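*Asks:* got a predicted model here, sequence first, then my questions.
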Amino acid sequence: MALHGALIGQDAGTAASPGYLASARGVRLHLLRLDDLPLDADPSQPDALRIEAIRQSGNASQILYAFSVSHAGRPVADGRAAVVLNTALST
């Protein structure tokens, strides 16, 4: 999601700026642990961990995403995440 926000800024002709996770809502965890999953290094394999993030809305200062994580076709986690962009870094 952070990379996507930076790419959107780049397409608009602005420099990439820091983005921060502002909130996560409606998150459902379908598994207790991720480290028990048998992972294959090849993402084309059916047991690979698949992560999807879909931009639902946004503007120059924030973006809302729906996300899902699955393994071998079974849900692992899903929900929504809000990312705040163009936030000044404190020194």
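*Replies:* Arrived safely. Residues are numbered from 1 along each chain as shown.

*Asks:* mind listing what Trp11 touches?
*Replies:* Trp isn't right for residue 11; it's Asp. Applying C-beta atoms under 8 Å, 6 or more residues apart in numbering, we find Asp11 in contact with no residue. C-beta: built from backbone N, CA, C; applies to glycine.

*Asks:* give me the pLDDT value at it.
*Replies:* What the model reports for Asp11 is a pLDDT of 71.

*Asks:* what's the closest non-adjacent residue to Arg25?
*Replies:* Closest residue in space to Arg25, ignoring its immediate chain neighbours: Arg80 at 4.9 Å, by C-beta to C-beta, 6 or more residues apart in numbering.

*Asks:* number of residues surrounding the residue nearest to Pro75 when sequence neighbours are not counted?
*Replies:* The spatial neighbour of Pro75 that comes closest, neighbours along the chain excluded (C-beta to C-beta, 6+ apart), is His30 at 4.6 Å. Number of residues near His30 (other C-beta atoms under 10 Å) recorded here: 12.

*Asks:* do I have it right that His30 meets Gly79?
*Replies:* No: with contact defined as C-beta atoms under 8 Å, His30 does not reach Gly79; the gap is 11.1 Å.
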